[in-house]
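K.L.:
coords please:
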Amino acid sequence: PNVSEYSVFDFEVARAAIDSGYNETMRLMPLIKQRIQKRNSVELIQKKRADFFSNHVAVKVDKVYFENISESQAKYFKKIIKPDKNPQYLFMLKRNYFRLAGDANVRAVNPRLVLNKSTGYYDMFLEVKREKDLHFDFGGNFSSRPINMGYVGIRKNWLGSESYALEANTYFGKLYNSAHADLRIDFPGRFNFFVQPEFNLNKFNYFKSSTAFFEDVKPSYLIQSDGRFALNFGIPARNKGRFIASGTIFEVVNKYYQTQQFTQADTSDRTNFKAYSVGLTYERNSYNFRMYANRGSFFSVMVKNVEGNEVTNLGSTAPSRDTINQYHHWWQFKLVWDNYFAKAGPVHFGLYTELNLSTENFFANYTSSILMAPGFMPTPESQTLFLDKFHAYNYGGIGLLTVWEIVSNLDLRLEGYVFQPVNEILKGSDGLSATFGDAFSKRYFLADANVVYHSPLGPISLSFNYYYDEFDKPYSLLFHFGFIIFNKRTLD
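P.N.:
The predicted structure is shown next:
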């Protein structure tokens, strides 16, 4: 059977792989019987199995030896797979073995067991093939809309008794510019954890293009910039999950006009928000593709406390030129669950759920308030647009996804979503301030029909998108080649 799209650790699809093997075997059974003439009765086979298991002794592993790596590197890997010096049953090492095989420093592991007759236990020998210490990534996105961007990334690994990984990347384009750097230090042992300081800059220019990195640009309806420094402390949760506790200091800068009538000589309104936050996140990712997955799931739950000061300076188009200073403090809870839960032949079905609850309050005006509100952006194109009506302090969103695998790596995707704000953020009677609408009075819809080819260089996509009650012409057609992926935003 063709199971090339499955990786070694895609345990969620194990049953599908087994079923594929069984069906292929039954299809070829006449040929197998023709080539194998020997026959045994069911009773004889069952007796041989019973005799075998009656003499079976559970395997205990005593010593672990590593090949093709240095002594200090062996100490690191030994802390992962067998931190205890006492002999352990083989099944007790299973989870640690998968953790070792999935380590960012490891490309492949070849294990073997050898009986040590002097101890009566087995010794484990692991031939480790390491990943390259220096790795470069180049990529980007080519699109029919002005959201083209390039990407350059670098990763440097140092491996001793601990693992150090320095990563840096930059995005550059008309819509999005970013720079990121982080250092991750992994400490293996009975209690595995990592420490990760990181620095990030983001800039989104939704209506104008920028040819240089973080340069001054012409007045634009909306420019969002943010910078942050964070310190993360994380622990693994089974094979594909992790808990992360974070402390962050950051600044968000929004430049905007509260009118469509402005000239190049005008100066925009500007809201600066300097703050810090502490939060706890659990996330688990088993997608089979980085973008446009059709198997697996993603689950994330986050609790965060934010506290900071707003300074809003009104520009030349505002009715007054006052400076507004406000203190803000809020709690935020956010849950995201995207699960491909069923399959019928070549068709996969998924359910997307998102819930955001917050005690956040209004900023100086409607525009600054909506810019600082969390957004519902479940599709790639929606992440490249600023959709006012899909932002709220408290909301729920749900979507149904149907993915038809036409042939290998070629999918037809149909997605439909409903966004339900608890209280919609509206303009006040003066046209500038923010106010809440009636509870659950409005809801908005988003739909997407998409043909995707998963090429070796990235996804190739042609999508038809629909945004109910957001634009005068709520339809769009988007072609893109490459990944539409961004560094993490400060308020995500």
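
K.L.:
Next up, the contacts around the closest residue in space to D411 that isn't next to it in sequence.
P.N.:
What sits nearest to D411 in space, not counting adjacent residues and going by Cβ to Cβ, 6 or more residues apart in numbering, is V452, at 4.8 Å. Backbone N, C-alpha and C define where each C-beta goes, glycine included. By Cβ atoms under 8 Å, 6 or more residues apart in numbering, V452 lies in contact with 292, 410-413, 459-461.

K.L.:
Looking at these, which one is closest to M377?
P.N.:
M377 has its nearest neighbour among the contacts of V452 in Y292, at 15.2 Å by Cβ to Cβ.

K.L.:
pLDDT value on the nearest residue to that closest one once chain neighbours are set aside, please?
P.N.:
Residue nearest to Y292 in three dimensions, not counting chain neighbours: V452, with 4.7 Å by Cβ to Cβ, 6+ apart. Note on V452: pLDDT of 97.

K.L.:
try the one 10 residues further on
P.N.:
As summarised for this prediction, L462 has a pLDDT of 97.

K.L.:
what about the helices in the stretch 151-300 of the chain?
P.N.:
Using DSSP state H, counting those that start in this stretch, no helices are found in the stretch 151-300 of the chain.

K.L.:
One more: the stretch 1-150 of the chain?
P.N.:
14-27, 29-35, 42-54, 71-81, 94-101.

K.L.:
nearest to K442, of those?
P.N.:
Among the helices of the stretch 1-150 of the chain, the nearest to K442 by Cβ to Cβ is helix 14-27 (40.9 Å).

K.L.:
For the closest one, give the mean pLDDT please.
P.N.:
Mean pLDDT, helix 14-27: 77.

K.L.:
For that helix, name the packing helices and strands.
P.N.:
Helix 14-27 sits against no helix or strand, with contacts defined as 3 or more Cβ pairs under 8 Å, 6 or more residues apart in numbering; DSSP states H and E.

K.L.:
Around F273, how many other residues sit close by?
P.N.:
Neighbour count for F273, taken as other Cβ atoms under 10 Å: 24.

K.L.:
hang on, it packs against N309?
P.N.:
Yes - between F273 and N309 there is a contact under Cβ atoms under 8 Å: 7.3 Å.

K.L.:
overlap in contacts of the two?
P.N.:
By Cβ under 8 Å, 6+ apart, F273 and N309 have these common neighbours: H328.

K.L.:
that older thread, looking at this, the residue nearest to Y292 is in a helix?
P.N.:
No - judged by DSSP: H, G, I helix; E, B strand; the rest coil, V452 forms no part of a helix; its state is strand.

K.L.:
so of the contacts of V452, which ones are in strands?
P.N.:
If you go by DSSP state E, those have 410-413, 459-461 in strands.

K.L.:
Would you mind listing which of those residues are buried?
P.N.:
Buried by 16 or more other Cβ atoms under 10 Å: 411, 413, 459-461, out of these.

K.L.:
CSV for the helices of the stretch 1-150 of the chain, including distance to E167?
P.N.:
Putting these into CSV (distance: least, Cβ to Cβ, whole Å) gives the following:
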stretch, distance to E167
helix 14-27, 31
helix 29-35, 50
helix 42-54, 49
helix 71-81, 19
helix 94-101, 20
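
K.L.:
Report the backbone C-alpha coordinates of the strand ranked longest in the chain in PDB.
P.N.:
For the chain, the strand with the greatest residue count under DSSP E is strand 323-344. Extracted in PDB, the C-alpha atoms of strand 323-344 (Å, rounded to 0.1, in the frame of the first residue of the first chain):
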ATOM      1  CA  THR A 323      -2.600  63.100  23.700                       C
ATOM      2  CA  ILE A 324      -4.500  60.400  25.500                       C
ATOM      3  CA  ASN A 325      -2.900  58.300  28.300                       C
ATOM      4  CA  GLN A 326      -4.700  55.200  29.600                       C
ATOM      5  CA  TYR A 327      -3.800  52.200  31.800                       C
ATOM      6  CA  HIS A 328      -5.000  48.800  30.700                       C
ATOM      7  CA  HIS A 329      -5.100  45.500  32.500                       C
ATOM      8  CA  TRP A 330      -6.800  42.300  31.400                       C
ATOM      9  CA  TRP A 331      -7.000  38.600  31.500                       C
ATOM     10  CA  GLN A 332      -7.300  36.500  28.400                       C
ATOM     11  CA  PHE A 333      -8.300  32.800  27.800                       C
ATOM     12  CA  LYS A 334      -8.000  31.400  24.300                       C
ATOM     13  CA  LEU A 335      -8.700  27.800  23.000                       C
ATOM     14  CA  VAL A 336      -8.100  26.500  19.500                       C
ATOM     15  CA  TRP A 337      -9.000  23.000  18.400                       C
ATOM     16  CA  ASP A 338      -8.600  21.900  14.800                       C
ATOM     17  CA  ASN A 339      -9.300  18.200  14.300                       C
ATOM     18  CA  TYR A 340      -9.600  16.000  11.200                       C
ATOM     19  CA  PHE A 341     -11.900  13.500  12.900                       C
ATOM     20  CA  ALA A 342     -13.200  11.200  10.200                       C
ATOM     21  CA  LYS A 343     -12.500   9.700   6.800                       C
ATOM     22  CA  ALA A 344     -14.800   8.200   4.200                       C
END
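
K.L.:
other SSEs contacting that strand?
P.N.:
Looks like strand 323-344 contacts strand 297-313, strand 347-358 (3+ Cβ pairs under 8 Å, 6+ apart).

K.L.:
how about low-confidence regions in this protein?
P.N.:
Residues of the chain that meet the criterion pLDDT under 70 lie in 1-16, 207-220, 470-472.

K.L.:
what residue lies at the spatial centre of it?
P.N.:
N285 (7.1 Å; Cα atoms, centre = their mean).

K.L.:
looking at the sheet around that residue, what are its partners?
P.N.:
Note on N285: beta-bridge partners by DSSP bridges are F298.

K.L.:
Quick one: residues contacting it.
P.N.:
Residues in contact with N285, defined by Cβ under 8 Å, 6+ apart, are 240, 296-298.

K.L.:
Strands along the stretch 151-300 of the chain, start to end?
P.N.:
Using DSSP state E, counting those that start in this stretch, the strands found in the stretch 151-300 of the chain span residues 163-173, 176-187, 193-205, 222-237, 241-256, 269-285, 297-313.

K.L.:
Sweet, I'm off.
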